[in-house]
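A.B. asks: no sequence on this one, just coordinates:
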């Protein structure tokens, strides 16, 4: 009787050893690998950690109502897909919502049925009226703004930022008019993007423009990681989609209408690619031939998610602790002859740590890690020993 339960005891001990083995094999995965797996499970290969949108309506006057509706339609879409207002720069050259001719005061609609007010109460216009100029647009992109400029009017991007740039208005062969007073050329935008690349102000850019002869506006681009698309080729006009008899003018352009219609089927977790969007272009419906330029873009279009540009779904960048500590130590020792109080305000924002702390922190971190591993092993074997003793005692008692 005393040894009748011995097989059960052995089986229980075997189960404990198997559980310990599984736990040990799972723990061999490093913390860095587990973190990378967690944060990168939805990675599309973009490498970005934040999204921004710059939406520009460059047209003025009531009869250009549709251009403001174009920009507001894009504003609603990127905001719905997760880009916060703090990361959206909205430039509207005119405010047709408050125009005396607007029968529906304080509202802007993009379809004749007027089911959706694009203006509404939850809108933040960053550049309005005569603030929308070629100079301000280029300064915004390149970061060459006055120190007194508020944060809401700054493009605070870095080399991990994906930027969606949308422009609409009246244009021609390699130019876009701003407020019927000045023009921005394809060369101006190309050079601004190159400055952004040199200053590490973007990871990837999606440039989209809806104007007459729009495809000529990206013909001069030469900076890497830029994907561009436009509504019409050289010699073609960009036409409106429909009129509203009560408003009295065209309410949206055809190209933007069909892009927004496609985007209505997209959510934050969508796996739809940019190639799917481009494949949806139908010249017969748009009344022009949209163009695409991808020779500067490094990723396949069928592997590039729409949410990489239109959404706020980004990846986290995981830094090992020793790299952060090392960079802090390196930064401090390179500047140890300069008092902390005399550092320039525009210096890189690397955490400054006293040298004594920096030297000891990696050693203490490693010792703590070794101590934790040793303590885990002690607890495992202690648990197995206790369970074995209990099972043996029960067997002998019976």
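C.D. replies: Good, I have the coordinates. On a predicted model such as this, the values are computed, not experimentally measured, just so you know. Numbers count the residues shown, from 1 in each chain.
A.B. asks: Burial check on residue 388, number of neighbours?
C.D. replies: As a burial measure, residue 388 scores 15 neighbours (other CB atoms under 10 Å). C-beta coordinates here come from the backbone N, C-alpha and C atoms, glycine included.
A.B. asks: Run the chain-centre distance for stretch 164-183.
C.D. replies: 25 Å (CA atoms, centre = their mean, to the nearest Å).
A.B. asks: end to end, how far does that stretch reach?
C.D. replies: 21 Å (CA to CA, to the nearest Å).
A.B. asks: now stretch 239-248
C.D. replies: The straight-line separation of the ends of stretch 239-248 (CA to CA) is 16 Å.
A.B. asks: mind listing what's buried in that stretch?
C.D. replies: By neighbour count with 16 or more other CB atoms under 10 Å, stretch 239-248 contains the buried residues 240, 241, 244, 247.
A.B. asks: same check, this time on stretch 289-300
C.D. replies: 290, 291, 292, 293, 294, 296, 297, 299.
A.B. asks: Give me the subset of these lying in helices.
C.D. replies: Assigned to helices by DSSP state H, none of these qualify.
A.B. asks: List the ones among the residues you listed that fall in strands.
C.D. replies: Residues of the buried residues of stretch 289-300 located in strands (DSSP state E): 291, 292, 293.
A.B. asks: quick revisit: may I ask which two of the buried residues of stretch 289-300 are separated the most?
C.D. replies: Pairwise distances across the buried residues of stretch 289-300 peak at 20.2 Å for 290 and 299 (criterion: CB to CB).
A.B. asks: Quick check: mean pLDDT of the helix or strand harbouring residue 72?
C.D. replies: In this assignment (DSSP states H and E), residue 72 forms part of helix 65-80. Helix 65-80 carries an average pLDDT of 96.
A.B. asks: List the contacts of that helix.
C.D. replies: By CB atoms under 8 Å, 6 or more residues apart in numbering, the residues outside helix 65-80 that reach it are 53, 55-59, 85, 88, 90-92, 94-97, 108-110, 118-119, 123, 164, 166, 168-170, 210, 240-241, 247, 249-253, 256, 260, 263, 310-311.
A.B. asks: how about the helices of this protein, start to end?
C.D. replies: 6-27, 31-39, 65-80, 134-142, 186-198, 254-263, 274-279, 283-286, 307-310, 321-334, 355-397.
A.B. asks: Check the offset of stretch 207-217 from the chain's centre.
C.D. replies: 23 Å.
A.B. asks: lowest average confidence, helix or strand, in the protein?
C.D. replies: Lowest mean confidence among the helices and strands of the chain (mean pLDDT, DSSP states H and E): helix 321-334, at a mean of 51.
A.B. asks: circling back to that earlier point, in TSV: the buried residues of stretch 239-248, plus pLDDT and distance to residue 275.
C.D. replies: Below are the buried residues of stretch 239-248 laid out as TSV (pLDDT from 0 to 100; distance: CB to CB, whole Å):
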residue	pLDDT	distance to residue 275
240	95	27
241	95	24
244	92	34
247	93	36
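A.B. asks: that older thread, in strands only, show me the contacts of helix 65-80.
C.D. replies: Among those, DSSP E puts 53, 55-57, 88, 90-92, 164, 166, 168, 210, 240-241, 249-253 in strands.
A.B. asks: For residue 236, give me the pLDDT.
C.D. replies: On the pLDDT scale, residue 236 is placed at 96.
A.B. asks: so who does it touch?
C.D. replies: By CB under 8 Å, 6+ apart, the contact set of residue 236 is 212, 213, 288, 289.
A.B. asks: Identify the residues contacting the last one.
C.D. replies: By CB under 8 Å, 6+ apart, the contact list for residue 289 reads 232, 233, 236, 283.
A.B. asks: about what we covered before: just the angle between the helix holding residue 72 and strand 249-253, please?
C.D. replies: Angle, helix 65-80 to strand 249-253, by axes from the mean of the first three to the mean of the last three CA atoms, to 10 degrees: 40 degrees.
A.B. asks: Buried residues in helix 65-80, which are they?
C.D. replies: By neighbour count with 16+ other CB under 10 Å, helix 65-80 contains the buried residues 65-80.
A.B. asks: now do stretch 116-133
C.D. replies: 117, 118, 119, 123, 125, 126, 127, 132, 133.
A.B. asks: Please name the nearest non-neighbouring residue to the first one.
C.D. replies: Computed as CB to CB, 6 or more residues apart in numbering, the closest residue to residue 117 that is not its neighbour in sequence is residue 107, at 4.6 Å.
A.B. asks: Same check on the second one?
C.D. replies: Of all residues beyond its chain neighbours, the one nearest residue 118 is residue 72 (3.9 Å), with distances taken as CB to CB, 6+ apart.
A.B. asks: Can you get me a residue count around the nearest residue to residue 201 once chain neighbours are set aside?
C.D. replies: Leaving aside its chain neighbours, residue 201 sits nearest to residue 157 (5.0 Å; criterion: CB to CB, 6+ apart). Using other CB under 10 Å, residue 157 has 24 neighbouring residues.
A.B. asks: Would you mind confirming that residue 157 makes contact with residue 200?
C.D. replies: No - under the criterion of CB atoms under 8 Å, residue 157 is not in contact with residue 200, lying 9.0 Å apart.
A.B. asks: so what's the residue lying closest to residue 48 once chain neighbours are set aside bridging to?
C.D. replies: Leaving aside its sequence neighbours, residue 48 sits nearest to residue 162 (CB to CB, 6+ apart; 4.1 Å). Under DSSP bridges, the beta-bridge partners of residue 162 are residue 51, residue 204.
A.B. asks: Spit out the contact partners of residue 162.
C.D. replies: Contacts for residue 162 (CB under 8 Å, 6+ apart) come out as 46, 48, 50-52, 202-206, 308-309, 314.
A.B. asks: Now the buried members of those.
C.D. replies: 46, 48, 50-52, 202-206, 308-309, 314.
A.B. asks: Looking at those, which one is closest to residue 149?
C.D. replies: Comparing the buried ones among the contacts of residue 162 against residue 149 with CB to CB places residue 52 closest, at 16.1 Å.
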